[in-house]
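Colleague: build me a model from this:
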Amino acid sequence: MPEGDTVYAAAARLRAGLAGRVLESSDFRIPSLATADLSGREVLAVRSVGKHLLIDVAESGPGVGDTLSIHSHLKMEGAWHVHPRGQRWRRPAYQARAVLRTADHEAVGFDLGVLELLADPDAALAYLGPDLLADDFDREEAIRRLGSDLDATIGAALLDQRLIAGIGNVFRSEICFLRRVLPTRPVGEVDLGPVVDLSRRLLWANRLRSARTTTGNTSPNARMWVYGRHGRLCRRCATPVKRGELESPGGERSVYWCPRCQV
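Modeller: Just a heads-up that it's a prediction; the model follows:
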C-alpha cells in the first residue's frame with residue numbers, strides 16, 4: 001500500500017528521470033486537466049511530502065504563466081512509472097492519468113487518486129503534520145500534534161496526516177506492536193516520544209527498499225510482525241494475531257495486534 005516510504009521512493013525514481021530536463025510533451029487524461037500543456041517547461045524538482053508527490057515545473061517563458069507543481073496522491077491503487085521512451089508500459093493504457101515525456105524518458109502516472117496543478121503547493125499542503133521523511137523533520141511538533149487529543153486512540157492518531165505525515169495502515173499496526181501498545185489505547189496513556197522516533201526510523205529504513213519490512217527480514221513471509229497475519233502465531237509469543245476494525249480518519253480501517261504482547 002502506498003505510504004510515505006512508497007511515495008518517497010517514487011519521487012526518487014521520477015527525480016532521476018525528469019529533474020533538470022525539459023518536458024517535450026504532457027498528456028493529462030482527466031477532464032479537469034484535459035487542455036493543460038506543460039511542454040517546454042523544465043522540471044525543477046520532484047519531492048514527496050508525506051503521502052503526496054510534487055513535480056515542480058518552471059515557467060516556460062515570458063507571459064506563459066507562473067511556476068506550477070503537478071500534485072498527485074496515489075491513494076490505494078496509484079503508481080508512477082518512469083522508463084526510457086519507447087519502453088512498453090507495465091499497466092494498461094486506460095489506467096494512465098498523466099504522461100510526461102522528456103527527450104529520453106517517459107513518466108506515466110496510473111490510477112492516481114488525486115491529480116491537479118497547484119500554483120502554491122506548500123500553502124495547499126500546509127495542513128499536514130511534520131513529514132517523517134523530511135530532512136528537517138520537527139520531532140517536537142510531531143509529538144505536540146499527536147498529543148493534541150488525549151482521548152483519541154493512538155491507532156487513529158497515527159493515521160491522521162494533520163498530526164504526522166507519512167504513516168498508513170501497515171506502519172500503524174507495526175508501530176503499535178513494536179511499542180507494545182494496543183491501537184485502541186488512548187493517546188494520553190502513550191509515551192509519544194518513542195512512538196515518533198520509531199515511526200521515523202521505520203519509514204527512513206524503508207524509503208528506498210524494494211520490499212518493505214519492519215522485522216528486518218525481506219523474505220516474503222517474514223517481513224511483518226502483525227500486519228496481514230490474522231490468525232497466525234505472533235513472532236514473539238506464539239499467540240494468534242487478531243484483526244479488527246478501528247475508526248480512523250477516512251472511516252474504519254483494519255488493524256492487527258497481538259493480544260498478549262500489546263496492552
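
Colleague: can you pull out the helices in the protein?
Modeller: Per DSSP state H, the chain carries helices over the ranges 4-18, 121-124, 139-146, 154-159, 169-178, 192-206.

Colleague: ok, the residue lying closest to Arg200 once chain neighbours are set aside - how many residues close by?
Modeller: Leaving out its chain neighbours, the residue that sits closest to Arg200 by C-beta to C-beta, 6 or more residues apart in numbering is Leu132, at 5.0 Å. All C-beta spots, glycine's among them, are computed from the backbone N, C-alpha and C. Neighbourhood size, Leu132 [other C-beta atoms under 10 Å]: 26.

Colleague: ok, Thr214 next?
Modeller: 21.

Colleague: residues contacting it?
Modeller: For Thr214, the contact set (C-beta atoms under 8 Å, 6 or more residues apart in numbering) comprises 171, 174, 178, 202, 206, 223-225, 227.

Colleague: verify the stated contact: Glu141 with Asp131.
Modeller: No. Between Glu141 and Asp131 there is no contact under C-beta atoms under 8 Å: 10.8 Å.

Colleague: more neighbours: which of these two?
Modeller: Neighbour totals were compared for Glu141 and Asp131, and Asp131 leads with 26 against 14 (other C-beta under 10 Å).

Colleague: touching, the more buried one and Ala165? I think so.
Modeller: Yes. Under the criterion of C-beta under 8 Å, Asp131 makes contact with Ala165 at 4.6 Å.

Colleague: overlap in contacts, those two.
Modeller: Common neighbours of Asp131 and Ala165 (C-beta under 8 Å, 6+ apart) are 4, 49-50.

Colleague: and the strands in the stretch 51-200 of the chain?
Modeller: Shown for the stretch 51-200 of the chain, the strands assigned by DSSP state E, counting those that start in this stretch span residues 52-57, 68-73, 79-84, 96-101, 105-110, 114-118.

Colleague: buried deepest among the ones you listed, which one?
Modeller: Comparing the strands of the stretch 51-200 of the chain by mean neighbour count (mean count of other C-beta atoms under 10 Å), strand 52-57 ranks first with a mean of 23.

Colleague: now do it and strand 96-101, the angle between them.
Modeller: Angle of strand 52-57 versus strand 96-101, following axes from the mean of the first three to the mean of the last three C-alpha atoms, to 10 degrees, is 30 degrees.

Colleague: sheet partners, orientation included, of strand 52-57?
Modeller: Strand 52-57 pairs in its sheet with strand 43-49 (antiparallel), strand 68-73 (antiparallel), by DSSP bridges.

Colleague: which of the residues in the longest one are buried?
Modeller: For strand 43-49, the neighbour count (16 or more other C-beta atoms under 10 Å) marks 43-44, 46-49 as buried.

Colleague: so where's the chain shaky on pLDDT?
Modeller: 1, 60-66 (pLDDT under 70).

Colleague: make it 90
Modeller: The model of the chain has pLDDT under 90 over residues 1-2, 59-67, 210, 247-252.

Colleague: out of the helices of the chain, which comes closest to Ile30?
Modeller: If you check each of these against Ile30 by C-beta to C-beta, helix 121-124 wins as the nearest, at 17.6 Å.

Colleague: just to check, Ala142 is in contact with Gly166?
Modeller: No. Taking contacts as C-beta under 8 Å, Ala142 lies outside contact range of Gly166: 10.2 Å.
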